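1. make a model of this:
(one chain, ligands or ions: 3)
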Amino acid sequence: MENKNNFKVDENLKHIAFIMDGNGRWAKARGMERPEGHKEGVKVFERVANTCFEFGLEAVTFYAFSTENWKRPPEEIQTIMSLLAMYLDKCGDSLIKNEVRFRVIGDKAGLDKDLRKKIKKLENESKQFKRTLNVAINYGGRDEIVYACQRLVSEGKEINKENFSLALYTEDCVDPDMIIRTAGERRLSNFLLWQSSYSELYFTDVLWPDFTDEDLKLAINDFYSRRRRYGGL
Ligand code: IPE
Ligand code: IPE
Ligand code: MG
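-> Ligands and ions are numbered 1, 2, ... in the order given. Sure thing, here's the model as predicted:
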């Protein structure tokens, strides 16, 4: 893929995970309804995912819908789910063309049948590729941990850290080096609880629909200014 910006990450930054927050506030600030914020949010997700791969990342993860987001009004949930389905229809081919493996992390059984079908198709068609795009839908970190335990027990596997990591929704995906959360909130909101144990956390007040490639570069430069000690010296 052509990299117009000549900006590249190295082997110290393989995976960025995004908590895409602030769509509702973005819409409200413009006197619009919340769904308008989600529509804009999907466009930004599409662009940022492409930019991450242009920058040389091996994996990117986007938090699109949490297990707690079912508490929202049904119309808003419906909008988010149909935007995700539209994204799959629109972008599936280009992901395959760009050799990106698509994966949904989360409890897919809780999703609508048509959406599940689209997800399964794209996951199958892209499974041979190495670079990974994870989209977290109906995802909860605590659910994922319970799921991993159940999986290990049902497969009769020994419970150790290696097997546990592989039993998570993210399976063989490398842990996120950095988690970026937009819109000012400084919490994980049940995101990647196991995988984030040594992730660098980056918070910005920028609302997700306003998040630019320049904002991404700022986050990446901040990442490179940090020293990761992993408990050592
Ligand atoms: C993030 O934006 C998208 C989802 C959680 C689906 P929000 O919808 O949470 O936007 P705010 O936080 O209300 O502004
Ligand atoms: C986290 O955002 C979930 C997603 C981005 C999908 P929320 O807006 O749901 O998180 P809280 O409610 O502020 O913790
Ligand atoms: Mg929010």
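2. please count neighbours and contacts with C-alpha atoms only from this point.
-> Fine.
3. near ligand 2 at all, the helix ranked longest in the chain?
-> Ranked by residue count and defined by DSSP state H, the top helix of the chain is helix 74-97. No: using CA under 6 Å from any ligand atom, helix 74-97 never reaches ligand 2; the gap is at least 10.0 Å.
4. list the buried residues of that helix.
-> Neighbour-count burial for helix 74-97, counted by 16 or more other CA atoms under 10 Å, picks out 76, 77, 79, 80, 81, 83, 84, 85, 88, 92, 95, 96.
5. list the contacts of residue 53.
-> residue 59 (CA atoms under 8 Å, 6 or more residues apart in numbering).
6. show the pLDDT at it.
-> Looking at residue 53, its pLDDT reads 98.
7. would you map the strands across this structure?
-> Assigned by DSSP state E, the chain shows strands spanning 15-19, 59-66, 100-105, 131-139, 178-181, 200-203.
8. any idea how far the fifth one is from the middle of the chain?
-> This means strand 178-181. 10 Å (CA atoms, centre = their mean, to the nearest Å).
9. neighbouring strands of that strand in the sheet, and parallel or not?
-> If you go by DSSP bridges, strand 178-181 pairs up with strand 15-19 (parallel), strand 200-203 (parallel).
10. now that strand: average pLDDT?
-> 99.
11. equivalent analysis for the longest one, please.
-> For strand 131-139, mean pLDDT rounds to 98.
12. ok, the last one next?
-> With pLDDT averaged residue by residue, strand 200-203 scores 98.
13. how far away is the closest residue to residue 12 other than its chain neighbours from ligand 2?
-> Nearest residue to residue 12 in three dimensions, chain neighbours excluded: residue 177, at 7.8 Å (CA to CA, 6 or more residues apart in numbering). From residue 177 across to ligand 2, the span is 18 Å (CA to the nearest ligand atom, to the nearest Å).
14. what's the burial count for residue 177?
-> For residue 177, the count of nearby residues is 20 (other CA atoms under 10 Å).
15. show me the contacts for it.
-> Applying CA under 8 Å, 6+ apart, we find residue 177 in contact with 12, 13, 14, 15, 16, 198, 199, 200.
16. closest to ligand 2 out of the buried residues of helix 74-97?
-> Distance to ligand 2 across the buried residues of helix 74-97 (CA to the nearest ligand atom) is lowest for residue 80, with 10.0 Å.
17. my read is that that closest one contacts residue 40, right?
-> No: with contact defined as CA atoms under 8 Å, residue 80 does not count as touching residue 40 (11.3 Å).
18. I'd say residue 96 and residue 125 touch.
-> Yes: here residue 96 reaches residue 125: they are 7.4 Å apart, a contact under CA under 8 Å.
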